[in-house]
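[1] Dropping a prediction and its sequence here:
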Amino acid sequence: MDCRQRRTELYRFAVAHQQSAKSVDTELLRPACRRQEGLTFNAGMNVWAIDKDIPLKLLLLELVHRYGENTLALNTQEQHFQAIELCTVNEPDISAYIYTFGQNAGRYGIDLKYPISMHNIVGENENLTLDQIIEIISTHLFS
C-alpha cells in the first residue's frame, strides 16, 4: 500500500470514528513533558481525541508513524481548531506552528520558532502539501 492509499484510508477512518473519541486524561501525560508547562504528548494519547481538524490529525499520525510515539510534544495551550504547535520532547525551545486556516483544502502553513524570536520564520511557508510539511518538520525539529 502506498502513502496516498494509506492516507485515504486514514481519512476514511477519521471521518467514521471522530465522534467516538474520548478526551485525553491529563494524568496520563508523560512526566518529562510536564517540566515545560502546556507541552504534552504521550504514547497513550489518542490523536483522534484532540479537538483539531482532520488534516492536522493525519499529520500527527504520520509523524508518530515516522518518529515514534515518545518523540514529539504537543502544545496543549494552542486552542485554535486548525492549528497545532509541536516540538521534540528534548528540545522544547525549537518548535513548529502548523495551521490549516487560510490555506487551500488539504494544504498546510508552517511557522518555525527558535529560542531567539527574531530568528523565527513566520508566514513564508503556506499552501504546502503534507509531504512538504513533513520534510520541513523533519529538517527543523530532527536535524
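    Yep, that arrived.
[2] Check which residues of stretch 105-119 are buried.
    107, 108, 109, 110, 111, 112, 113 (16 or more other Cβ atoms under 10 Å). To be clear about C-beta, it is placed using only N, CA and C from the backbone, and glycine gets the same treatment.
[3] Tabulate those (a markdown table), appending distance to residue 74, secondary structure and pLDDT.
    A markdown table is the format used below for the buried residues of stretch 105-119 (distance: Cβ to Cβ, whole Å; DSSP: H, G, I helix; E, B strand; the rest coil; pLDDT from 0 to 100):
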| residue | distance to residue 74 | secondary structure | pLDDT |
| --- | --- | --- | --- |
| 107 | 21 | coil | 96 |
| 108 | 16 | strand | 97 |
| 109 | 17 | strand | 96 |
| 110 | 15 | strand | 96 |
| 111 | 16 | strand | 96 |
| 112 | 16 | strand | 96 |
| 113 | 14 | strand | 94 |
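[4] Throw the residues you listed into TSV and include distance to residue 63, thanks.
    As requested, the buried residues of stretch 105-119 are exported to TSV (distance: Cβ to Cβ, whole Å):
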residue	distance to residue 63
107	17
108	12
109	16
110	13
111	17
112	15
113	17
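[5] nearest to residue 97, of these?
    Comparing these against residue 97 with Cβ to Cβ picks out residue 111 as the nearest, at 4.2 Å.
[6] need the contact list for the closest one.
    Counting by Cβ atoms under 8 Å, 6 or more residues apart in numbering, residue 111 touches 96, 97, 99, 120, 121, 122, 123, 125.
[7] For the third one, which non-adjacent residue is closest in space?
    Nearest in space to residue 99, with sequence neighbours left out and distances taken as Cβ to Cβ, 6 or more residues apart in numbering, is residue 83 at 4.0 Å.
[8] ok, now residue 107?
    Using Cβ to Cβ, 6+ apart and skipping the chain neighbours, the partner closest in space to residue 107 is residue 127 (4.5 Å).
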